[in-house]
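S.K.: I would like to see how this sequence folds:
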Amino acid sequence: MSGGSPLPTRTVAAGAAGFTLIEVLIALAIIAVALTAIGSLMAATVRGTHAIDRHLSLVETARAVEAALPDRAALAVGDLTGSIGGNRWRVDVAPLISNLVDPRVPTPWVPQSVIIRVESPGGAVLRIDTVRLQRRPAE
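M.R.: Residues are numbered from 1 along each chain as shown. This is a model prediction of the structure:
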């Protein structure tokens, strides 16, 4: 291999080698903006997940309370309270007062207003207003 021509060498102009400081700073700024956007998105996702988890806990507690209510014949006017899984609940039962219900009309049923209120330890509240029919007592 002697006598061959040497490999051509590449010459670089003095100002064209590598990145300039401005180019590096712009690239770092773009990366910082992208990472900040990703971090904000992750934080919002975590907050949303926690909010959904708290709401589901309230809904499940309300469902458990509603399922455990006494039979309509035994559900008396008044209130019931308790706690399930750290969530406090309260059930208020009262006669339904409405312009749509005429108490003078004899019917076999008496409507009752049932309000289920569940409060989480963090202060979030879920309230369910419903109506239950109770047999009118025999006169």
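S.K.: span of stretch 116-127 from start to end?
M.R.: 6 Å (C-alpha to C-alpha, to the nearest Å).
S.K.: any figure for the gap between the spatially most central residue of the chain and L58?
M.R.: For the chain, I52 is the residue whose C-alpha lies nearest the centre (C-alpha atoms, centre = their mean; 2.2 Å). Using C-beta to C-beta, to the nearest Å, one gets 11 Å for the distance from I52 to L58. In this view, the C-beta of every residue, glycine as well, is placed from N, C-alpha and C.
S.K.: what's the answer for W89, then?
M.R.: Distance from W89 to L58, by C-beta to C-beta: 9 Å.
S.K.: give me the more crowded residue out of those two.
M.R.: Using other C-beta atoms under 10 Å, the more surrounded residue of W89 and L58 is W89, with 21 against 18.
S.K.: starting from the strand or helix carrying the more buried one, tell me the next helix or strand along the chain.
M.R.: Using DSSP states H and E, W89 maps to strand 87-95. Downstream of strand 87-95, the next assigned helix or strand under DSSP H and E is strand 109-119.
S.K.: what's the angle between the helix or strand following that next one and strand 109-119?
M.R.: Using DSSP H and E, the helix or strand that directly follows strand 109-119 along the chain is strand 125-135. Angle of strand 125-135 versus strand 109-119, following axes from the mean of the first three to the mean of the last three C-alpha atoms, to 10 degrees, is 160 degrees.
S.K.: quick one: contacts of strand 125-135?
M.R.: The contact list for strand 125-135 (C-beta atoms under 8 Å, 6 or more residues apart in numbering) reads 55, 58-59, 61-62, 66, 72-73, 75, 93, 96, 108-119.
S.K.: tell me the buried residues in that strand?
M.R.: By neighbour count on 16 or more other C-beta atoms under 10 Å, the buried set for strand 125-135 is 126, 134.
S.K.: so in that sheet, which strands flank it, and in what orientation?
M.R.: strand 109-119 (antiparallel) (DSSP bridges).
S.K.: hang on, the earlier thing: please check the contacts of strand 125-135 and keep the buried ones.
M.R.: Buried, going by 16+ other C-beta under 10 Å: 58, 61-62, 75, 93, 111-114, 116-119, out of the contacts of strand 125-135.
S.K.: thank you, goodbye.
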